[in-house]
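**Q** Show me how the following folds:
(one chain, ligands or ions: 1)
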Amino acid sequence: MDNRPIGIMDSGLGGLSVIRIVNQQLPHEKLIFVGDQGHFPYGTRTQQDVCQLALNIACFFKRQNVKMMIVACNTATAAALPTLQKEMPFPVIGMIVPGVKGALQQKHHQSVGVIGTASTIESHAYEHELHRQDRSVQVVEKAAQPLVPIVEHGQTGTEQAYQTVDEQLKIFDQQPIQTLILGCTHFPFLADEIQQKLGYQVVLVDPAKEAVNAAKEWLTQHDALNDTEMMPQSRLYSTGDVEILKAGAKKWLSNQNYTCAHLEL
Ligand code: DGL
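**A** Residues are numbered from 1 along each chain as shown. The predicted structure is shown next:
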């Protein structure tokens, strides 16, 4: 047993889509979340820049004595995962390998779409991993950066959200897919809009599900699960406007046992 917290990071509210699943799968775990809203968005930054930002947050987690870090951000996973795994004394779990695993587990995965930030799609991290695991998969990648602020600014479910999804995912009208990887943690909050655009025959894969499974497996194998009370209090930090984080957490998290504060890094 290990009752230390798990550190989770993202550029903003996307990390909450991962926390939702951690709360379901690992309800005894205490979390420290950093939404790096002071540097939002990550998706238009250079890989080097994102790597440095992720490292700064990982060093904060180290000072907080976390037992594990989940990079709840595909952009930071693509830019920084090997560096974080090399530099940090705790296990670091990313989104991309689990996301690919989740897609290839689907019955129909001959043609797989990937949507993500500009940076993630430019890196081709998903395409490379899909082909590493299965050479025969056809991959259609599409950067969909304009969907990120829709979520961050609380505009899901609006006419503008439906319109932006419609424009951004047009490519799949010409290049139909069977399975779509939501390769940005902001996008699961637009699942309804995306599903309506693509039709219900397309399976949406949220990489967080397999990522949290991987975290659970590691903690179980290493006898490192928290054995104290259900839903212990978690700490949510924003490096930017804490009110945006508060509003997002109120909207997206069913577990309300957390505190929110600003963090200067
Ligand atoms: N939510 C992040 C991701 O999964 C990044 C969004 C952004 O800041 O551009 O890639």
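**Q** Show me which residues of this protein are close to the ligand?
**A** Contact residues (Cβ under 6 Å from any ligand atom) of the chain with the ligand: 10-12, 14, 40-43, 73-75, 116-117, 120, 148, 184-186. Yep, even glycine has a C-beta here, placed from its N, CA and C like the rest.
**Q** how close does the residue nearest to Phe189 when sequence neighbours are not counted get to Ala161?
**A** Nearest non-adjacent residue to Phe189, counting by Cβ to Cβ, 6 or more residues apart in numbering: Val151, 4.8 Å away. Distance, Val151 to Ala161, using Cβ to Cβ, to the nearest Å: 9 Å.
**Q** More neighbours: those two, which one.
**A** Under the neighbour definition other Cβ atoms under 10 Å, Val151 and Ala161 were set side by side, and Val151 has more, 24 against 19.
**Q** for the protein, which helix is longest?
**A** helix 47-63 (DSSP state H).
**Q** List the contacts of it.
**A** Outside helix 47-63, the residues that touch it by Cβ atoms under 8 Å, 6 or more residues apart in numbering are 7, 9, 32, 34, 36, 39, 42, 45, 69, 71, 73, 75-76, 78-80, 83-84, 87-90, 92, 119, 123, 263, 265.
**Q** residue with max distance from the center of this protein?
**A** Taking Cα atoms, centre = their mean, the residue of the chain most remote from its mean C-alpha position is Gln174, at 27.6 Å.
**Q** Counting neighbours, what do you get for Phe187?
**A** Phe187: 28 neighbours (other Cβ under 10 Å).
**Q** I figured it hits Leu147, correct?
**A** Yes. Contact criterion Cβ atoms under 8 Å: Phe187 and Leu147 qualify, at 6.2 Å.
**Q** Could you pull up the residues touching Asn65?
**A** With Cβ under 8 Å, 6+ apart, Asn65 has these contacts: Arg4, Pro5.
**Q** what secondary structure does it sit in?
**A** Three-state call for Asn65 (DSSP: H, G, I helix; E, B strand; the rest coil): coil.
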